[in-house]
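Novice: Need a 3D model of the sequence below.
(chains A and B)
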Amino acid sequence: MDPVTLGVVALMGAVATIGGAAEDLESDIGSQSNPNSQVQLAPQMGHLHRMINKAASGEPVAYGVWCGVAGAIAYLVMSLGMMPLIAIAMGACVAAFVHAIYTVTSHMGRIVGQSQFEQPLFMDVLTQSLGPIVGHGFITSFCIVGISYLMTIPLNGTPLHVFPLPLLAMLWGIALGAIGSSTGDVHYGSESEYQKFEFGGGTPVAIQGDIVTKAPLGAKNSMDVVNFCAKFGGPLTGFCFGLVVFFSFWNTVVFGVYGGIIVGIIIVILLIIMDNYLEVFARNKYGPYEEE
Amino acid sequence: MDPITLILFIAIGGIMIGAGVHFIPVGGAPAAMSTATGVGTGTAMLAAGAGLTGLITAATMTGEPFYIIGIGGAIGAMIMMGITMLIANLIYIFGVGIVPAASKVPVDWITKRNQEAYKTPGTEGHGVPVTSFVSGLIGGLLGGFGGGLVYYGINTAVNESTFVTDPAISIGLAAILGVGVFFINSVIASYNIGGTIEGMHDPKFKRIGTGALACAIASIVVGIFCVILTGGF
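Specialist: Below you'll find the model as predicted:
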């Protein structure tokens, strides 16, 4: 086991955790993932809202593009002799501009498409949400290109990975999008959008589209969503992505190729046991629903 | 590597990817609202996320025999699926306050626990129950192994040919073709599933034969293109 490589793997996990959390919060502000279906449905059900809806593409593909753009620019600037940290920041900056253009055009397109249901386009909502969306996107692109760069630098003569930097950034962007869409966005879709209904139940089909449009003070907007999700869904998404990145390399770095495979199988078995324990805990704690 | 062997690697890898997607429990948008069982994202997206993580871990084994690269990909994809489903369940249980419950079967296949009583009235289940969890891991295993086989085949073919001589370009070409084959097969499989699936206990799972056949045909066609792109024939 090489302590320097192990330290780099641990650093990658930590950076991925920050990037993962920022990715989920960005998608919560912009309703990028599956909960957008309810934001889209709400005006048709008579619930006009002040939410951003920029889900013109799936989250994994969108993040594949932004991280790929950031990685490609960083790779180009680095090949011109620029310092890696500055090059990665420049790449993430260009990706943030692309992200901003995408956000404005897709949000306007989606909201204008709902004008037949009297849904107005609130310019103040767009301008106040654009900064946080692009800012979180910048942090995510920076972190993803950063971990991809750490994988490609030769540590003790050999890099952790053979793929070129832009490709690694794109692949990790897609993986992160899939993770953020699968984990943190559930907190937005199931809880934040339906907070006015009693805690402790799924969303019945009959109430779909009846999303929360009022906040403790005034109308609810996308900043209230991120304020809510930053307390649970966002950090857990970051934790999930950090673990995935860490365990993708830790096994083989510490135990070698064959030992790493055996340790990987043990981790998978432990995950099944933990999931089973979690389900048993939830069933005992909450109990069954009583038929009315 | 001769063209027929390369096409075989891509076809077998493609069939494994296509079959693996059928195992992965995805509930799409309804699952994100806790209205349907499974992980709250699209079929192709989750499969691609897991498979591409597997492709990254498989590529760290470059230089090993094909079965080690395949197993490396399978382990990476299984770990990604497992952690994602576990964290998703944490959010369902502590963030939304619900118990994972399937709707397509009255009792869980593995744990034999009652599902109907724990399902919110008016929904088609929610969360990732144990059978769906294990099914998702099997999906990751097949998808990751298949992705690893495809990468191994193309990487070997590119390295052996004189078409591309720069190592950075040859690895990049192998990786991007591997990603392409993965996306093609996962999208075909998700069309076959038609939206959502709870895992291997779902009646839709019986469509796996048709899906695998379609993926085999598509993979053979893609394999021919890969032979041309790697400088074969």
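Novice: From B:Thr37, how far out is B:Ser103?
Specialist: Applying CB to CB, to the nearest Å, the value for B:Ser103 to B:Thr37 is 6 Å. Placement of C-beta: from N, CA and C, glycine included.
Novice: got any residues that touch both of those two?
Specialist: With contacts defined as CB atoms under 8 Å, 6 or more residues apart in numbering or on different chains, the residues shared by B:Ser103 and B:Thr37 are B:124-125, B:198.
Novice: Just the buried residues of those.
Specialist: B:124-125, B:198 (16 or more other CB atoms under 10 Å in any protein chain shown).
Novice: nearest to A:Val253, of the shared contacts of B:Ser103 and B:Thr37?
Specialist: For these, the closest approach to A:Val253 (CB to CB) belongs to B:Glu198, at 36.2 Å.
Novice: Could you pull out the helices in chain A for me?
Specialist: Remark: helices assigned in chain A by DSSP state H are A:3-29, A:36-41, A:59-79, A:84-112, A:123-152, A:165-182, A:184-186, A:222-229, A:233-286.
Novice: just checking, what packs against the third one?
Specialist: Counting contacts by 3 or more CB pairs under 8 Å, 6 or more residues apart in numbering or on different chains; DSSP states H and E, helix A:59-79 packs against helix A:84-112, helix A:123-152, helix A:165-182, helix B:43-59.
Novice: Need those in a markdown table (columns: mean pLDDT and distance to B:Cys226).
Specialist: Shown next, in a markdown table, are these (pLDDT from 0 to 100; distance: least, CB to CB, whole Å):
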| stretch | mean pLDDT | distance to B:Cys226 |
| --- | --- | --- |
| helix A:84-112 | 96 | 30 |
| helix A:123-152 | 96 | 25 |
| helix A:165-182 | 94 | 17 |
| helix B:43-59 | 89 | 15 |
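Novice: now those helices in a markdown table, with distance to B:Ala212 and mean neighbour count?
Specialist: Converted to a markdown table, the helices and strands packed on helix A:59-79 look like this (distance: least, CB to CB, whole Å; neighbours: other CB atoms under 10 Å in any protein chain shown):
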| stretch | distance to B:Ala212 | mean neighbour count |
| --- | --- | --- |
| helix A:84-112 | 36 | 19 |
| helix A:123-152 | 33 | 22 |
| helix A:165-182 | 23 | 30 |
| helix B:43-59 | 14 | 31 |
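Novice: possible to save those as JSON lines with distance to A:Pro3?
Specialist: Listed next are the helices and strands packed on helix A:59-79 as JSON lines, based on distance: least, CB to CB, whole Å:
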{"stretch": "helix A:84-112", "distance to A:Pro3": "22"}
{"stretch": "helix A:123-152", "distance to A:Pro3": "15"}
{"stretch": "helix A:165-182", "distance to A:Pro3": "23"}
{"stretch": "helix B:43-59", "distance to A:Pro3": "22"}
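Novice: quick one: which of those is nearest B:Ile75?
Specialist: helix B:43-59 (6.5 Å).
Novice: name the helices or strands packed onto that closest one?
Specialist: Judged by 3+ CB pairs under 8 Å, 6+ apart, helix B:43-59 is in contact with helix A:59-79, helix A:165-182, helix A:233-286, helix B:3-23, helix B:66-90, helix B:130-160, helix B:167-193.
Novice: how about those, which one is nearest A:Ile101?
Specialist: Of all the helices and strands packed on helix B:43-59, it is helix A:59-79 that lies closest to A:Ile101, at 11.3 Å by CB to CB.
Novice: report the angle between the axes of that closest one and helix A:84-112?
Specialist: Counting by axes from the mean of the first three to the mean of the last three CA atoms, to 10 degrees, helix A:59-79 lies at 150 degrees to helix A:84-112.
Novice: ok, the residue of chain B positioned farthest from its centre - contacts?
Specialist: Of all residues in chain B, B:Thr162 has its C-alpha farthest from the mean position, at 32.4 Å, by CA atoms, centre = their mean. By CB under 8 Å, 6+ apart, the residues touching B:Thr162 are B:Gly231.
Novice: On the three-state scheme, it is what?
Specialist: coil (DSSP: H, G, I helix; E, B strand; the rest coil).
Novice: And the pLDDT at it?
Specialist: Looking at B:Thr162, its pLDDT reads 78.
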